[in-house]
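Enquirer: Build me a model:
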Amino acid sequence: MIKILTDSVASIPADMAKAAGIEVITLFVNRAGVEYADATMDLDEFYADIYDMVDDIPISSQPSQLTLERAFEEAALAGDEVLGIFISTGLSGTYEGAVRAARAVKARNIHFSYVMIDSASCGFDEAWPVLDAVAARDAGEDLAGCAAAALSGIESTRFLFTPETLTFLQKGGRIGNAAALLGNLIQLAPVLTVTDGSATTLAKVRTRKKALERIVSTFKQDVEERGLKNVVVHYIGDKAPAVEWAREVIDPLVGRAVDVLPVSPVIGLHVGPAVGLAYECAAPVAGKLTAAVRTRVVSS
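Expert: Below you'll find the model as predicted:
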C-alpha cells in the first residue's frame, strides 16, 4: 500500500484527510507558553482574537525527528511505501526533517521505499498536489505515478492573497517599519503569492478592494488560459468577510459554492488577517516555478 503523508500547514480539514486516507503530521503554535497542535486545534477559535496577537506573535515549531521517524517506521514495518509532500523549504525546515527521518528508517529497513517532495508552497496550494496523489493512488498508480501526479499538481496551482494590514508582516520582519507605516497610511494593499517556494508580491494597489479585484482578474485569466480543476477561498482571522466574498464573487465565477477554509496559523500569523484564493488549473500556471528552480524530490 502507498501511504500518503503531508503536514498540517496544508490546511486540509481533518474529516477530509481521514476520508482521503491522508496522514497529517502536525506542526505546533506556541502562544503565551501554551502549545497548540495545528492539526487538531479549532482554528476559528484561535483566530478570534488575532488582533491581540500583533504585539506578541505566537511562534511555530516543526514536528520532532522522533515523530517523523515513527510515522515512517510504522509504514516500513507494515510493508507500505510512503509518499510525503511537505511545506516549502523556503517557509519551514519540515521537509528536511522528513528526509532525514526517511533515510534513518531506510537504514533500518532496507526494503522500505519512499518519495519525499517539497511542495514549494503552503495551504491548499500545498494540499491540491497531495489530493492529486491520492487520486492517482486510488486509481491504481504505483509510487512513481503518485509522485508524478503530485509534481504535476505543484506546477498547476496558485495561491493569491491580500492582507488586511501590513502590521503583522512588519512585526514578523517581512517588511520594514517605514514601509509598513507608509503602506497603512496610504492604504497600500499588496497581492501576495508564492513563487519558487517563498512569498512574493504579485501586485501593489491602493486599496483592499482593488487588491481583491486583482486576485479575481488573475484567477480569471489563469482559468481562461489553463482551465480550472479546483479552488478554495482561504482566510486568516475572521471567516465572515471570506464567506461574503466567496458567495458574492467567487461562486458566480465558477458556477458552484466553493469551500471557505482557514489557513494554518503556522503561516497565517506571519501575514495577519487576510483573504485569498488557492486554486489548481488543468495545466501548469505561469510564474509558479521559474526556470532556475526545480521542485526538490528525494526518493529511495
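Enquirer: need the helices for the stretch 1-150 of the chain, in chain order.
Expert: Counting by DSSP state H, counting those that start in this stretch, the segments of the stretch 1-150 of the chain that form helices are 14-20, 43-47, 65-78, 94-108, 123-138, 143-155.
Enquirer: out of those helices, deepest packed?
Expert: helix 123-138 (a mean of 25; mean count of other CB atoms under 10 Å). From N, CA and C alone the C-beta is placed, and that goes for glycine too.
Enquirer: For that helix, what is the distance to the chain centroid?
Expert: A distance of 11 Å separates the C-alpha centroid of helix 123-138 from that of its chain, computed with CA atoms, centre = their mean, to the nearest Å.
Enquirer: just the angle between that helix and helix 143-155, please?
Expert: 150 degrees (axes from the mean of the first three to the mean of the last three CA atoms, to 10 degrees).
Enquirer: Out of the helices of the stretch 1-150 of the chain, flag the one nearest residue 269.
Expert: Nearest to residue 269 among the helices of the stretch 1-150 of the chain is helix 43-47; the distance by CB to CB comes to 9.0 Å.
Enquirer: what is the rounded mean pLDDT of that closest one?
Expert: Mean per-residue pLDDT for helix 43-47: 95.
Enquirer: Could you export that helix as PDB, CA atoms only?
Expert: Extracted as PDB, the C-alpha positions of helix 43-47 are listed here (Å, rounded to 0.1, in the frame of the first residue of the first chain):
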ATOM      1  CA  LEU A  43      -8.600  27.500  14.000                       C
ATOM      2  CA  ASP A  44     -11.600  29.800  14.100                       C
ATOM      3  CA  GLU A  45     -11.500  29.900  17.900                       C
ATOM      4  CA  PHE A  46      -7.700  30.500  17.800                       C
ATOM      5  CA  TYR A  47      -8.100  33.400  15.300                       C
END
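Enquirer: Which neighbouring elements make contact with that helix?
Expert: Other helices and strands packing on helix 43-47, by 3 or more CB pairs under 8 Å, 6 or more residues apart in numbering; DSSP states H and E, are strand 259-262, helix 265-271.
Enquirer: For it, report the contacting residues that lie outside it.
Expert: Contacts with helix 43-47, where a contact means CB atoms under 8 Å, 6 or more residues apart in numbering, come from 29, 36, 236, 237, 238, 239, 262, 264, 265, 268.
Enquirer: what about the third one, how many neighbours?
Expert: In this case it means residue 236. The number of residues packed around residue 236, counting by other CB atoms under 10 Å, is 28.
Enquirer: my guess is it meets residue 273, correct?
Expert: Yes. Counting by CB atoms under 8 Å, residue 236 does reach residue 273; the two are 5.7 Å apart.
Enquirer: Pull up the overlap in contacts between these two.
Expert: Between them, residue 236 and residue 273 share the contacting residues 50, 163, judged by CB under 8 Å, 6+ apart.
Enquirer: Ok, which of the helices of the stretch 1-150 of the chain comes nearest residue 162?
Expert: Set against residue 162 and scored by CB to CB, the helices of the stretch 1-150 of the chain come closest in helix 123-138, at 14.0 Å.
Enquirer: Who does residue 236 form a beta bridge with?
Expert: When bridges are called by DSSP bridges, residue 236 pairs up with residue 274.
Enquirer: so how far is residue 5 from residue 90?
Expert: Taking CB to CB, to the nearest Å as the measure, residue 90 and residue 5 are separated by 20 Å.
Enquirer: now residue 207
Expert: As for residue 207, its distance to residue 5 is 41 Å (criterion: CB to CB).
Enquirer: neighbour count winner among the two?
Expert: Under the criterion of other CB under 10 Å, the comparison of residue 207 against residue 5 puts residue 5 first, with 22 against 12.
Enquirer: Quick check: that one touching residue 25?
Expert: Yes. With contact defined as CB under 8 Å, residue 5 reaches residue 25; the gap is 6.2 Å.
Enquirer: joint contacts of the two?
Expert: Once CB under 8 Å, 6+ apart is applied, the residues that residue 5 and residue 25 both contact turn out to be 71, 98.
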